[in-house]
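Peer 1: dropping the sequence and predicted coords here.
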Amino acid sequence: MKNPFLISLSTFIFSCSLSVLIGNPVYSQSIASDKIEYLHPANKEKVFDETVDEFYQALRDLKDPVHQELYQRYKQQPKQQQIHLNTVLFKEMSDASVNFRKKLLFKEVEGLNYITFDGNILRPYPDIDIKYHQTVSPDRQVYFFYSFKDTEKEFRGRYAIYDVETKELVAGGGTYMPKLNLTGNTYDKEG
């Protein structure tokens, strides 16, 4: 007599194999790229009367509730963390080589990089790649602010991108980059 356990096991394996071969196919669903739901959806057809200069002045005067709230949160932080206030509530650098303000579509921001040479390689700033900002539609209207100073010894810059409709900060940052002394290939520590 055969072992009942082996018979049961082989029947079970045969049943499973048969169900896999005959079973229901698996279908995957994909979302078409035009159906992406952004936190900040496209609004390129909407008309907003506020100019970029009017928005900048309102930002500096804290006229919008979103900026008043942001300012209050920063004032509650320790002093060493308050250094980023001029980037978050964008303020142009007083000694800047370039101050730039423009209202445009978010996808157009990528083309506004400034190229600087640090003594070793060319570097773009602000190196914005919109594919890393997946909450904002490429066809969303934004205010783009950019301020930098580029000298032989250093590069300093800051930028901010605000949503035109909600007035919220979408992206921003600042940088400091000392430049290499080309003769010694070390950082220039003079002056």
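Peer 2: That came through fine.
Peer 1: could you pull out the helices in the chain for me?
Peer 2: Here the chain has its helices, by DSSP state H, at 4-22, 52-60, 65-75, 85-88.
Peer 1: go through the last one and flag the buried ones.
Peer 2: Along helix 85-88, the positions that meet the burial threshold by neighbour count (16 or more other C-beta atoms under 10 Å) are Thr87, Val88. The way it works is simple: take the backbone N, C-alpha and C, and place the C-beta from them, glycine included.
Peer 1: tell me what that helix is packed against?
Peer 2: Here helix 85-88 is seen to pack against helix 65-75, strand 154-163, strand 169-178 when contacts are counted using 3 or more C-beta pairs under 8 Å, 6 or more residues apart in numbering; DSSP states H and E.
Peer 1: got the angle between the second one and helix 52-60?
Peer 2: The one in question is strand 154-163. Our comparison of strand 154-163 with helix 52-60, counting by axes from the mean of the first three to the mean of the last three C-alpha atoms, to 10 degrees, yields an angle of 100 degrees.
Peer 1: buried set for strand 154-163?
Peer 2: Counting neighbours by 16+ other C-beta under 10 Å, one finds that the buried residues in strand 154-163 are Phe155, Arg156, Gly157, Arg158, Tyr159, Ala160, Ile161, Tyr162, Asp163.
Peer 1: mean pLDDT lowest where, among the helices of the chain?
Peer 2: Averaging pLDDT over each of the helices of the chain singles out helix 4-22 as the lowest, with a mean of 59.
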